[in-house]
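A.B. asks: predicted model, plus sequence, below.
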Amino acid sequence: MAVVVSVLATHWLWPAAVHPPLPVAGSVMDHFWSPVLKGQAPVLLSASYVPVYGPKELWKTEASGSRDLVLLPDQFVGGGDLAATASLAAMLTEMGRPYQLKIGNQTTFSDLRGTPAILVGYAYTRWQELSHDFRYYFDIQQAPFGVTDRGQPTAWVLRNLDADRHTPEDYAIVSRVLDPDTQAMLVEAAGITQYGTEAAAALITDPPALAAALAQAPAGWENRNLQLVLHVRVIANTPAQTSVVASYFWPAPRRAQARH
C-alpha cells in the first residue's frame, strides 16, 4: 500500500529529545530492555521509509489537469516514525549504549543476524513480513485495517480512517522477541498509522507508562517473548492516551551455542 500525495517541498523538524531516566536494576525498564542490551554490540535502530506517490513533473499546477504519478519508495519517513526514532535514540544515548541508525533499505535481514535490533515503522512498511510469525500482527490487505489474532479478525480495527490517514484512534503492537532465525533480540514498535508508532515508542521509553502496561504480566515475563496490543486515542493529530487491550507471553527459544 502506498500514500498518494503531491509534494512541492518538505521540511522536517527533529523533535526535541526527551531523556528518560536510566533504568534501575530490577526495574520494569531494566527487565524489558536488559535482554536487548546484553553484550557490547551496537544496537541496530532502524526506521522504514513510507512509500509515497508524487507527480512526475512538479512544476505543473493543479489547474493543468491530471499528471502521471511516480512511486517514491525511499524519500520520506513518517512524522510519527521520526518522533519514535528520536525517543528511542535518546533513551539509548541516556543509557550510554552505542547504536547504529539505519533507514529503509539500508537495513537488510542479514543485518539482524546476531545483532539486537529495534525496528520502527508503519504497519505497511517492510517489517510486516517479520511480524506475521507472531500471534498479533496487522491486517492491512482489506478495510477496515486492524489487528489479527493468529490470522483471525479482531474488534481492534480502524473504522474511521480517512483517506488522508487521519484518524481519531489507532492500534499499535509492541513485540520483544528472541528471533529463532536471527538468534538475536528484536523489538518492534509499529502502529497501523504513524500515531500508533509514536505512541508505542513513547510507552517503551517511559518508565511509569511501561510499568503500568506490564503491571499484570505473569511472573518471569522478563525472560519470555512478549507482545502488547495498544489502543491509542488521537487528539488534534497527536497520540494522547494509550492503553493495553491485549498481551501475550511465551517461552523464548534457547540461543544457539556459538561455535569455536
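C.D. replies: Yep, that arrived. Numbering: from 1, shown residues only.

A.B. asks: okay, and for this protein, where does confidence drop off?
C.D. replies: Scanning the chain with the threshold set as pLDDT under 70 gives 1-25, 51, 53, 56-67, 71-74, 122-129, 255-260.

A.B. asks: quick check: longest helix of it.
C.D. replies: helix 79-94 (DSSP state H).

A.B. asks: against which helices or strands is that helix packed?
C.D. replies: Counting contacts by 3 or more Cβ pairs under 8 Å, 6 or more residues apart in numbering; DSSP states H and E, helix 79-94 is packed against strand 43-47, strand 99-103, strand 117-120, strand 184-191, helix 194-204. The C-beta positions use only the backbone N, C-alpha and C, and glycine is treated the same way.

A.B. asks: let me know which of these is tucked in deepest.
C.D. replies: helix 194-204 (a mean of 28; mean count of other Cβ atoms under 10 Å).

A.B. asks: gap between that one and the chain center?
C.D. replies: 7 Å (Cα atoms, centre = their mean, to the nearest Å).

A.B. asks: who's in contact with it?
C.D. replies: 32, 78-81, 83-85, 87-88, 120-123, 165, 167, 170-174, 187, 189-191, 209-210, 213, 228, 230, 232, 234, 237-239, 242 (Cβ atoms under 8 Å, 6 or more residues apart in numbering).

A.B. asks: ok, back up a step: quick check: buried residues in the longest helix of the chain?
C.D. replies: By neighbour count with 16 or more other Cβ atoms under 10 Å, helix 79-94 contains the buried residues 79-92, 94.

A.B. asks: what sits against His166?
C.D. replies: Asn237.

A.B. asks: which neighbouring elements make contact with the helix or strand Met29 falls within?
C.D. replies: Element membership of Met29 [criterion: DSSP states H and E] is helix 28-37. Packing partners of helix 28-37 (3+ Cβ pairs under 8 Å, 6+ apart): strand 169-179, strand 184-191, helix 207-213.
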